[in-house]
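**Q** Give me the fold of what follows.
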Amino acid sequence: MTSISVAQVSQAVAGAARPSKVPWGPYRKPLSNSQQQVCPRSPFYCAQATLFSHFVSSSSRTNAEEVQNQGGFPTERDFHLVADETLDEVQASVDALEDVVEDYEANLSQGVLNIGMGPHGTWVLNKQTPNRQIWWSSPLSGPLRFEYDVATKMWVTTRGRRELFALLREEVKRVAGIDIRTRT
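**A** Now for the predicted structure:
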């Protein structure tokens, strides 16, 4: 869906209230006489109808734009395959903590990985399918969102571009004092 600014809405409403000599349609082409809307109610109603038709006509995207907006995954199935594999890798990486950290527990169920480290707190990683993201909650770094970078084939934060496995190693080292093995 195309975003629209407040200024554009104001301009459209003002244009409907004071019609210009040449009514414009989507893609900046003048409307023909048959396409011009007759406003039986109010000028504001016409502005709403015009904006709605603009959204409908400009909401189609190319496949490349759609894939980019979905975190690099052309289908939901592709996202699930990569995200599930990543959560499995994270769990396998932290399983070494079982003998080191008191009250350690890791549980992966339905796309949510809970890693309890006793007095150090609980880390939660879960899939966010609509956004094509992995969300992270940590007692050290707080909430973060990771998107898949197609070029590097890594999950990186949406702000700061930190890599998921590097952050995991850093936080486990800080809490447990040991280095864990991860893929990167």
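**Q** Need the contact partners of the lengthiest helix in the chain.
**A** Looking across the chain with DSSP state H, the single longest helix is helix 76-94. Around helix 76-94, the neighbours that count as contacts under CB atoms under 8 Å, 6 or more residues apart in numbering are 70-71, 73, 106, 108, 111, 113, 115, 125, 127, 129, 132, 134, 148, 155, 164-165, 168, 172, 180-183. Placement of C-beta: from N, CA and C, glycine included.
**Q** So which of these are in strands?
**A** Per DSSP state E, strands hold the following members of the contacts of helix 76-94: Ala106, Leu108, Leu113, Ile115, Leu125, Lys127, Ile134, Tyr148, Trp155.
**Q** From what I see, the last one and Arg162 are in contact.
**A** Okay, so that is Trp155. No. Using CB atoms under 8 Å, Trp155 makes no contact with Arg162, being 9.6 Å away.
**Q** Quick one: buried ones out of the contacts of helix 76-94?
**A** 70-71, 73, 106, 108, 113, 115, 125, 127, 132, 134, 148, 155, 164-165, 168, 172, 180, 182 (16 or more other CB atoms under 10 Å).
**Q** on that earlier part again, out of the ones in strands among the contacts of helix 76-94, what pair is the most spread apart?
**A** Pairwise distances across those (CB to CB) peak at 22.3 Å, for the pair Ala106 and Tyr148.
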